[in-house]
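K.L.:
Pasting the sequence and the predicted coordinates here, then a few questions.
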Protein chains: 2
Amino acid sequence: MRIGYLGPAGTFTEEALDIWIKPQLNLEKYKKVALPSIVDLIKAVGSDVDIGIVPIENSLEGSLNITVDSFIHGVKAMIKGEVVIPVAHHLLLKSNIPLNEIKEVLSHPQALFQCRKYLMENMSCARLKEVSSTAEAARLVSESKDKIAAIGGMSLTKIYNLKVTAENIQDQENNMTRFYILSTEDERVTGRDKTTLICSVENKPGSLYGILKVFADKGINLTKIESRPSRRVLGEYVFLIEVEGHKLQEPLESALKELRASTSFYKILGSYPKFQLYNRSL
Amino acid sequence: MRIGYLGPAGTFTEEALDIWIKPQLNLEKYKKVALPSIVDLIKAVGSDVDIGIVPIENSLEGSLNITVDSFIHGVKAMIKGEVVIPVAHHLLLKSNIPLNEIKEVLSHPQALFQCRKYLMENMSCARLKEVSSTAEAARLVSESKDKIAAIGGMSLTKIYNLKVTAENIQDQENNMTRFYILSTEDERVTGRDKTTLICSVENKPGSLYGILKVFADKGINLTKIESRPSRRVLGEYVFLIEVEGHKLQEPLESALKELRASTSFYKILGSYPKFQLYNRSL
């Protein structure tokens, strides 16, 4: 089994993948494949890879439009799981040197942005350099002879033989990222499921309300709603909706039947078990 | 009166601003001020500038999270108007040379992305170079002796003395961008108004439905809904909602009163006239 993730090795997507793989006891033989972009990854599911993992939202930055749009504009992969991980940023160095001697700090723009208070207070003289990923930053630091540092996750220390000089340097707590596990099929009923779907409605009063009414009338909890442009007319949207329950179980099954009748475009992306870290790590 | 826009001169934000200024006959004395970022611009309204203009959404790319988040996380500016303009990309050169001699094409990453089919078919050997804005691309081309081109809007031709070699080279039609006009106060009733508000609800079944029901019961058209993370807990959202009507006119006035009672966080960003190109250009 080939499992695709957003490369290079050591990114948060790989960390999330490892958490998902751990309790899958039947996954004795698998090969992790690093792919260069989210679009490539989603397209590869069902051909170059059997399973893929992509970020869908972050608690500070919101949804990843590229992931949502890939589902809206014609991707066939289905969601068979989700993983939520805390994003902890650390300052990574080749060898211990005082912070005030560090000339440059490298990372993904979002990681630099999320640590800007720490950087201002502790290393205000260091230049900040944006690179394509936290893993790329770690690689560059590991290969450089200059006094430079990377910001990234703990798993990079092993891969690139780096030391953690300061832990958890992000400005805000509650920095969590959620990932979808993709395959050609979704998951069977577990009793603690979620379902993701996309749909669009006519542009007239009360049409989105009509969709939510179907769920509300049956006491179904809506856990996420995201609007994206239809790309046809400004002000016309497609919605990505997540609800509690499995598409093959009541009350969701009949709610989805009603919905199909009242939307102009409708597609179920998958039913899958809710992520539960503690249960899964046992 | 000082009016702030996203600089440098010649960006699409300035084009939108000029369209808004035109019919404001009372604006005899004003000074346009270019500001370096959307965040700076929104913050400057009411202090460094009296009026500001910021992009809010594009028909292909969706909402600008930075604009939505600025309103959610503590900005005081109010919306007093909107402008919608078509985004047309052109290939701009210093002097006419054959396309196949062009070594490099410069533009904002989004503009390069939106013209990639044209570039692939017509100039597949040219290097693509991302710069901070379409205006910056035009400036660099105007100052260079190399065979390079910029992609950007028509207004750049005058400012940087460039020629249009190919018009409307974007891959998709329907590329429209919508802007908010910001000030310290919103607008009075015109009879053809829209209102933008932000609110959050408790994380329980049917809570978003409850908000939309208030509008649907009164026949109020919802024209936009955007969810953004609360930045407190993953899966907790704040909504930016746009509806038809003015906050001081029925039925919206009483709908907003009901809403205030049932939301945990609620703020009206402004009531303002709907953009009508043809009326405004008379």
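P.N.:
Received it, and whenever you're ready, just let me know what you need.
K.L.:
Could you list the contact residues of chain A toward chain B?
P.N.:
Contact residues, chain A versus chain B (CB under 8 Å from any CB of the partner chain): A:57-62, A:65, A:84, A:172, A:174, A:176, A:178, A:204-206, A:208-210, A:212-213, A:215-216, A:219-229, A:231-235, A:237. C-beta: built from backbone N, CA, C; applies to glycine.
K.L.:
Which of those residues fall in strands?
P.N.:
A:57-58, A:62, A:84, A:176, A:178, A:222-229, A:237 (DSSP state E).
K.L.:
And those residues, which of them are buried?
P.N.:
With burial judged by 16 or more other CB atoms under 10 Å in any protein chain shown, the buried subset of these is A:57-58, A:62, A:84, A:176, A:178, A:222-229, A:237.
K.L.:
ok, A:Phe113 - how many residues close by?
P.N.:
Counted by other CB atoms under 10 Å in any protein chain shown, the residues lying close to A:Phe113 total 16.
K.L.:
Next: A:Glu173.
P.N.:
Residues lying near A:Glu173 (other CB under 10 Å) number 11.
K.L.:
buried ones in stretch A:7-14?
P.N.:
Buried residues in stretch A:7-14, defined by neighbour count with 16+ other CB under 10 Å: A:Gly7, A:Pro8, A:Ala9, A:Gly10, A:Thr11, A:Phe12, A:Thr13, A:Glu14.
K.L.:
Same list, those residues, but as CSV with distance to A:Thr134 and pLDDT please.
P.N.:
Formatted as CSV, the buried residues of stretch A:7-14 follow (distance: CB to CB, whole Å; pLDDT from 0 to 100):
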residue, distance to A:Thr134, pLDDT
A:Gly7, 12, 81
A:Pro8, 10, 82
A:Ala9, 11, 84
A:Gly10, 7, 85
A:Thr11, 6, 85
A:Phe12, 7, 87
A:Thr13, 10, 90
A:Glu14, 11, 90
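K.L.:
Which of the three states applies to the residue sitting nearest the centre point of chain A?
P.N.:
For chain A, the residue nearest the mean C-alpha position is A:Pro55 (1.6 Å; CA atoms, centre = their mean). The local conformation at A:Pro55, judged by DSSP: H, G, I helix; E, B strand; the rest coil, is strand.
K.L.:
and the gap between it and A:Thr184?
P.N.:
20 Å (CB to CB, to the nearest Å).
K.L.:
ok, now A:Ile169?
P.N.:
The gap separating A:Ile169 from A:Thr184 is 40 Å, by CB to CB.
K.L.:
Which one's more surrounded, these two?
P.N.:
Neighbours were counted for A:Ile169 and for A:Thr184 using other CB under 10 Å; A:Ile169 has more, 21 against 13.
K.L.:
got the phi/psi numbers for the more buried one?
P.N.:
phi -90, psi 10 (degrees, to the nearest 10).
K.L.:
A:Tyr118 is in contact with that one, correct?
P.N.:
Yes - in this structure A:Ile169 lies within contact range of A:Tyr118 using CB atoms under 8 Å: 4.2 Å.
K.L.:
so what's the residue of chain A most remote from its centre scoring on pLDDT?
P.N.:
The C-alpha centroid of chain A is most remote from A:Glu101, which lies 35.0 Å away (CA atoms, centre = their mean). A:Glu101 is assigned a pLDDT of 91 by the prediction.
K.L.:
Could I get the contacting residues of it?
P.N.:
By CB atoms under 8 Å, 6 or more residues apart in numbering or on different chains, the residues touching A:Glu101 are A:Lys147.
K.L.:
What distance do you get for it to B:Val54?
P.N.:
On the measure of CB to CB, A:Glu101 and B:Val54 end up 41 Å apart.
K.L.:
Let me know the helix or strand that A:Ile79 is in.
P.N.:
Using DSSP states H and E, A:Ile79 sits in strand A:78-86.
K.L.:
other SSEs contacting whichever helix or strand comes after that strand?
P.N.:
Moving toward the C-terminus from strand A:78-86, the next helix or strand (DSSP H and E) is strand A:90-93. Applying 3 or more CB pairs under 8 Å, 6 or more residues apart in numbering or on different chains; DSSP states H and E, one finds that strand A:90-93 contacts helix A:134-143, strand A:148-152, helix A:155-160, strand A:163-166.
K.L.:
average pLDDT across the helix or strand following strand A:90-93?
P.N.:
Remark: after strand A:90-93, the chain's next helix or strand is strand A:104-107, criterion DSSP H and E. Strand A:104-107 shows an average pLDDT of 94 in the prediction.
K.L.:
Show me how far strand A:104-107 is from its chain's centre.
P.N.:
Put simply, strand A:104-107 sits 23 Å off its chain's centre (CA atoms, centre = their mean, to the nearest Å).
K.L.:
and what of stretch A:159-171?
P.N.:
With CA atoms, centre = their mean as the basis, stretch A:159-171 stands 21 Å off its chain's centre.
K.L.:
swap in stretch A:231-241?
P.N.:
Centroid separation between stretch A:231-241 and its chain, computed with CA atoms, centre = their mean, is 22 Å.
K.L.:
Residues contacting it, please?
P.N.:
A:63, A:68, A:71-73, A:196-201, A:203, A:208, A:211, A:222, A:224-230, A:265, A:269, B:57-60, B:84, B:172, B:174, B:176, B:178, B:223-225.
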